[in-house]
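J.: let me see the structure of the following:
(one chain, ligands or ions: 2)
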Amino acid sequence: MKVLVVGKGGREHALAWKIAQSFYVDKLFCFPGNAGIAEVAEIPDIADDSIESLLDFAIKESIDLTVVGPEDYLAKGIVDAFEAKGLRIFGVNKDAARLESSKAFAKEVMKAAKIPTAAYSTVTDFESGDKILKTSKYPVVLKADGLAAGKGVIICATYEEASSELSQMLGGKFKSAGAKVVIEEFLKGEELSLLLLTDGTNVKPLLFSQDHKALNDGDTGLNTGGMGAYTPVKSGTDELYEKVDKTITQPLLDELKKRGIDYRGILYIGLMIVDGEPFVLEYNVRFGDPETEPLMFMLISDIVPYFRAVTGKGDTTLEALPELVWRSGYGMCVVLASGGYPEGYEKGKVISGLDSVDENCVVFHAGTKFDALGNIVTDGGRVLMVTSGGKDINEAVENTYKNVEKITFDKAYFRHDIAHREMERN
Ligand code: AMP
Ligand code: GLY
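T.: Residues are numbered from 1 along each chain as shown. Ligands and ions are numbered 1, 2, ... in the order given. Below is the predicted model:
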């Protein structure tokens with residue numbers, strides 16, 4: 001079959017890398033793609049990255065399955081557009097994407113379904129918000145309602161900071177995404193990611209994973225899209241999974257059904273574990289980045305039948321497929337970022353050392369491209385996800401950082417302590 005992956009980040013490289021190994025796939029395309037993806041998929045010549053142009057291409061090429069990475073395509077209705085033309089596409093429809101594209105909607109659904117999450121209020125004007133902030137406990141969390149490229153969540157230590165931030169958000173700091181703001185109680189605990197494949201009724205869980213959102217070692221500094229991740233996680237026990245299933249996953253799927261929302265795709269649950277009890281920080285409607293890189297590295301099962309089953313147009317159902325099978329031990333990735341990220345940074349730096357990594361290491365590309373001379377150069381904030389594994393977490397860390405050291409570009413930046421919690425537990 002012919003498959004098209006939509007997107008251009010490390011997540012899409014990992015998905016394309018995995019799909020390329022599928023027994024069922026004869027031809028793989030990815031658009032817009034990047035310099036690394038070009039090694040596992042053909043980057044077709046498409047006029048632009050609009051839904052219309054992608055749809056034209058999929059029809060012309062008779063693509064059998066399209067797999068969507070980024071949330072903005074889902075929120076804009078790429079799945080609805082492809083399905084309207086009878087095409088098979090993996091991802092949630094526009095209605096379901098609201099679970100990520102509106103934090104206020106997600107909170108309202110959680111409340112209706114009695115899903116454990118931080119107490120909150122939603123505000124659209126400064127006066128009522130400021131009144132809430134005057135009586136809030138600190139720190140407090142402010143979240144822009146809409147999609148803000150992972151930057152719309154601010155943890156405020158004091159009333160003064162929160163009040164000023166609220167005024168900036170409502171004043172257009174995140175454009176229309178901040179027209180509504182969720183004011184939320186701060187939860188203290190350990191963050192875990194749980195990704196599930198679901199057809200709206202049945203679920204097939206991926207392993208628990210853990211991202212590292214803060215820029216610097218020791219989980220300090222600015223919030224980023226994620227600086228590294230590992231899987232599995234010792235605190236992600238079977239007992240915890242059962243709790244999440246009972247108090248979060250099933251009530252959510254029931255509530256979505258009640259509202260007539262047909263949820264098919266990935267459900268990413270961002271969890272905070274507080275004294276052993278799971279709370280939802282956020283839902284995402286797509287694969288996490290960088291969690292997907294170690295997850296695909298560790299996955300043994302062919303993922304394509306699962307994608308097909310989830311679309312409801314497969315030759316089998318998700319329920320009928322076996323649980324996903326994983327390599328033993330640990331997988332992890334370390335993000336190499338451009339110095340200055342998540343704020344301003346330079347592009348176009350030549351990357352060296354990509355060919356010198358060990359055989360058991362995969363370097364997934366995010367912001368990379370070929371320059372006019374054919375060099376691979378930096379083209380974004382997060383540039384590379386160096387991914388490897390080991391029989392235990394210490395070996396995985398050693399194998400991964402050994403390879404991180406082999407790759408370099410001007411002003412490259414990375415964290416030195418990815419998986420520190422798991423190592424401390426060990
Ligand atoms: P989100 O985009 O909603 O995942 O938020 C980004 C990050 O902010 C999360 O990964 C957490 O580290 C942090 N965060 C969000 N909500 C809360 C909360 N209620 N309590 C503590 N930290 C939070
Ligand atoms: N790794 C966090 C996210 O994908 O939202």
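J.: quick one: contacts for residue 63?
T.: Residue 63 is in contact with 2, 3, 4, 29, 57, 87, counting by CB atoms under 8 Å, 6 or more residues apart in numbering. Every residue, glycine included, has its C-beta placed from N, CA and C.
J.: what's the burial count for the residue of the stretch 51-200 of the chain at minimum distance from ligand 2?
T.: Proximity of the stretch 51-200 of the chain to ligand 2 (CB to the nearest ligand atom) peaks at residue 150, 6.0 Å away. When neighbours are counted by other CB atoms under 10 Å, residue 150 registers 15.
J.: picking up where we left off before, the contacts of residue 63: which ones sit near ligand 2?
T.: With the criterion set as CB under 6 Å from any ligand atom, no member of those is near ligand 2.
J.: what subset of those is buried?
T.: 3, 4, 29, 57, 87 (16 or more other CB atoms under 10 Å).
J.: which of those fall within helices?
T.: residue 57 (DSSP state H).
J.: is the residue of the stretch 51-200 of the chain closest to ligand 2 in a helix, a strand, or coil?
T.: When classified by DSSP: H, G, I helix; E, B strand; the rest coil, residue 150 comes out as coil.
J.: contacts only, for it.
T.: 223, 224, 225.
J.: repeat that for 7 Å
T.: Going by CB atoms under 7 Å, 6 or more residues apart in numbering, residue 150 touches residue 225.
J.: what does residue 67 give?
T.: Applying CB under 7 Å, 6+ apart, the residues near residue 67 are 3, 5, 15, 19, 90, 307.
J.: on that earlier part again, now the two most distant members of the buried ones among the contacts of residue 63.
T.: Greatest spatial distance among the buried ones among the contacts of residue 63 (CB to CB): 29 and 87, at 13.6 Å.
J.: what's the closest of the contacts of residue 63 to residue 185?
T.: Closest to residue 185, out of all of these and judged by CB to CB, is residue 4, at 42.0 Å.
J.: the contacts of residue 63 in strands, which ones?
T.: 2, 3, 4, 29 (DSSP state E).
J.: need those residues in JSON lines (columns: distance to residue 194).
T.: Shown next, in JSON lines, are the ones in strands among the contacts of residue 63 (distance: CB to CB, whole Å):
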{"residue": "2", "distance to residue 194": "31"}
{"residue": "3", "distance to residue 194": "26"}
{"residue": "4", "distance to residue 194": "27"}
{"residue": "29", "distance to residue 194": "30"}
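J.: reformat those residues as a markdown table; add pLDDT.
T.: A markdown table is the format used below for the ones in strands among the contacts of residue 63 (pLDDT from 0 to 100):
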| residue | pLDDT |
| --- | --- |
| 2 | 98 |
| 3 | 98 |
| 4 | 98 |
| 29 | 98 |
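J.: CA atoms only for stretch 161-173, dumped as PDB, please.
T.: Extracted in PDB, the C-alpha atoms of stretch 161-173 (Å, rounded to 0.1, in the frame of the first residue of the first chain):
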ATOM      1  CA  GLU A 161       2.900  38.100  38.200                       C
ATOM      2  CA  ALA A 162      -0.400  36.300  37.600                       C
ATOM      3  CA  SER A 163      -2.400  39.600  37.300                       C
ATOM      4  CA  SER A 164       0.100  41.000  34.800                       C
ATOM      5  CA  GLU A 165       0.200  37.800  32.800                       C
ATOM      6  CA  LEU A 166      -3.600  37.600  32.700                       C
ATOM      7  CA  SER A 167      -3.800  41.100  31.400                       C
ATOM      8  CA  GLN A 168      -1.200  40.300  28.700                       C
ATOM      9  CA  MET A 169      -3.000  37.100  27.600                       C
ATOM     10  CA  LEU A 170      -6.400  38.800  27.400                       C
ATOM     11  CA  GLY A 171      -4.700  41.700  25.700                       C
ATOM     12  CA  GLY A 172      -3.600  39.600  22.800                       C
ATOM     13  CA  LYS A 173      -0.200  38.100  23.700                       C
END
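J.: the residue in the stretch 1-150 of the chain that ligand 1 sits nearest to and residue 188, how far apart?
T.: Using CB to the nearest ligand atom, residue 118 is the residue of the stretch 1-150 of the chain that sits closest to ligand 1, at 3.9 Å. As judged by CB to CB, to the nearest Å, residue 118 and residue 188 stand 11 Å apart.
J.: when those two are compared, which one has more neighbours?
T.: residue 118 (20 against 8).
J.: distance of that one from residue 389?
T.: Residue 118 is 34 Å from residue 389, by CB to CB.
J.: then residue 27?
T.: For residue 27, the distance to residue 389 - CB to CB - is 29 Å.
J.: and for residue 208, the neighbour number?
T.: Neighbour tally, residue 208, other CB under 10 Å: 22.
J.: isn't it right up against residue 234?
T.: No. Using CB atoms under 7 Å, residue 208 is not in contact with residue 234, being 9.1 Å away.
J.: more crowded one of residue 27 and residue 389?
T.: residue 389 (24 against 14).
J.: is the more buried one in a bridge, and if so with what?
T.: On the basis of DSSP bridges, residue 389 is bridged to residue 331.
J.: quick one: stretch 156-172 to chain centroid distance?
T.: Taking CA atoms, centre = their mean, to the nearest Å, one finds stretch 156-172 lying 27 Å from the centre of the chain it belongs to.
J.: how about it: buried residues?
T.: Within stretch 156-172, the residues that count as buried by 16+ other CB under 10 Å are 156, 161, 162, 163, 165, 166, 169, 170.
J.: just the residues you listed: which are in helices?
T.: Cross-referencing these against helices under DSSP H gives 161, 162, 163, 165, 166.
J.: just the closest of those to residue 105, please.
T.: Closest to residue 105, out of all of these and judged by CB to CB, is residue 166, at 19.8 Å.
J.: wait, that closest one touches residue 126, no?
T.: Yes. The pair residue 166 / residue 126 is scored as a contact, 6.4 Å apart, by CB under 7 Å.
J.: how close does residue 313 sit to ligand 2?
T.: To ligand 2, residue 313 is 27 Å away according to CB to the nearest ligand atom, to the nearest Å.
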